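Asker: Predicted model, plus sequence, below.
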Amino acid sequence: MSLRKLGWDQFYIGNFEALNKPGCFAGRVTMEHMHLYQIQSEMGEYVAVISGKMRHEAYRREDYPAVGDWVAWSPMDGEKRGVIHAVLPRKSKFSRKVAGNTVEEQIVATNVDTLFLLNSLNHDFNPRRMERYLILAWESGANPVIVLTKSDLCTDIEDKINQMAAVAPGVPILTISSLLNEGMEALDSYLIAGQTIALLGSSGVGKSTLINFLLGEELQEVKEVRGGDDRGKHTTTFRQLFLLPNGAMMIDTPGMRELQLWQGSEGIKDQFNEIEELAAQCYFNDCSHGREPECAVQLAIHQGTLEIERYESYLKLQRELRYMATKENDKLRFQEKERVKRLHTQQKNHKSMR
């Protein structure tokens with residue numbers, strides 16, 4: 001397969017040449033599963049593992065390949081298997097904190113041009129959850145587009161669009177029904193040959209149904225949502241990149257019921273830009289937007305130009321980001337101590353063997 005069909009451009013060419021790894025080829029990771037990576041390249045499709053040197057030097061999760069990554073790899077003799085030696089610099093990266101109490105990054109997709117953020121127009125409709133997706137989307141470096149699915153199940157579409165627009169100023173909002181083929185033409189302007197789009201959303205929002213529609217065949221399993229709350233089961237269990245018939249690429253991802261922020265200091269400024277602008281108008285530079293006089297934020301809430309729910313969401317997400325930053329710093333300090341200790345042990349063992 002031509003690398004250009006996979007999104008290969010001058011950015012990656014320059015970075016690949018800078019690696020200066022003789023004997024290596026460029027390839028794109030199209031699937032990741034149990035420490036095995038499926039790679040598409042000009043030589044065909046290969047299953048690869050990372051090299052021992054790369055594993056040894058990996059410091060954190062972002063040092064490992066993820067779906068969408070371009071990598072430098074070499075084939076094994078006589079097999080459709082290979083070894084990954086390096087990950088090329090990324091244009092974009094959508095990450096969240098792994099589910100649970102572990103403080104660790106989970107890379108969902110990389111080198112994505114457009115993020116389709118899906119929310120279904122049923123009982124699972126949730127503008128507050130979309131604020132989280134948008135913070136991570138702005139932080140990723142890709143362009144977000146909100147796609148409201150299952151329009152055939154909704155009787156108040158305009159009201160739902162207005163609710164979503166209130167938490168996503170300036171973000172395109174599309175409504176579709178994959179089942180009835182309604183509104184699908186609105187996606188065409190984003191599905192461009194050589195461009196990569198990632199589908200993100202909760203279980204049951206219709207990601208697999210949309211992928212099947214765009215592929216023109218039933219490749220992804222689809223399950224019915226639960227009665228009562230309209231939540232779905234996990235039908236996609238791992239991330240995978242598909243090449244669509246028109247030449248665009250699409251990354252399908254497992255549903256995310258829990259979306260904890262990973263990084264978002266810049267993303268939160270973009271997502272809550274109107275609050276950031278109001279804060280800059282306060283009389284005191286260090287205004288806490290509580291009881292201080294001439295507080296522009298409180299004045300906007302009082303006048304009804306800023307919804308109290310949106311401001312409370314802004315405060316909640318800020319607290320979450322501060323907490324995550326503290327935990328991440330603690331973890332990095334511990335990892336650095338362990339790394340230095342390991343190096344000292346290796347040096348000591350090396351000297352004793354002389």
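Answerer: That came through, no problem.

Asker: Now do the helices in the stretch 101-250 of the chain.
Answerer: Using DSSP state H, counting those that start in this stretch, the helices found in the stretch 101-250 of the chain span residues 127-140, 157-167, 207-215.

Asker: Would you point to the one among those helices that's packed deepest?
Answerer: Across those, averaging neighbours per residue (mean count of other CB atoms under 10 Å) puts helix 127-140 on top, at a mean of 23. For the C-beta atoms, the positions are set from N, CA and C on the backbone; glycine is no exception.

Asker: mean confidence score for it?
Answerer: For helix 127-140, mean pLDDT rounds to 88.

Asker: try stretch 84-102
Answerer: pLDDT averaged over stretch 84-102 gives 84.

Asker: could you dump that stretch to PDB, C-alpha only?
Answerer: Coordinates of each C-alpha in stretch 84-102 appear next as PDB, following Å, rounded to 0.1, in the frame of the first residue of the first chain:
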ATOM      1  CA  ILE A  84       9.300  -1.700  16.000                       C
ATOM      2  CA  HIS A  85      12.400   0.400  16.800                       C
ATOM      3  CA  ALA A  86      11.000   3.900  17.200                       C
ATOM      4  CA  VAL A  87       7.800   6.000  17.200                       C
ATOM      5  CA  LEU A  88       7.900   9.100  15.000                       C
ATOM      6  CA  PRO A  89       6.900  12.500  16.500                       C
ATOM      7  CA  ARG A  90       3.100  12.900  16.600                       C
ATOM      8  CA  LYS A  91       1.000  15.600  15.000                       C
ATOM      9  CA  SER A  92      -1.800  15.100  17.600                       C
ATOM     10  CA  LYS A  93      -2.600  12.800  20.500                       C
ATOM     11  CA  PHE A  94      -5.900  12.200  22.300                       C
ATOM     12  CA  SER A  95      -5.300  10.800  25.800                       C
ATOM     13  CA  ARG A  96      -7.300  10.200  28.900                       C
ATOM     14  CA  LYS A  97      -6.500   8.900  32.400                       C
ATOM     15  CA  VAL A  98      -6.900   5.200  32.600                       C
ATOM     16  CA  ALA A  99     -10.100   4.100  34.400                       C
ATOM     17  CA  GLY A 100      -9.800   3.500  38.100                       C
ATOM     18  CA  ASN A 101      -7.400   4.900  40.700                       C
ATOM     19  CA  THR A 102      -4.200   4.300  38.700                       C
END
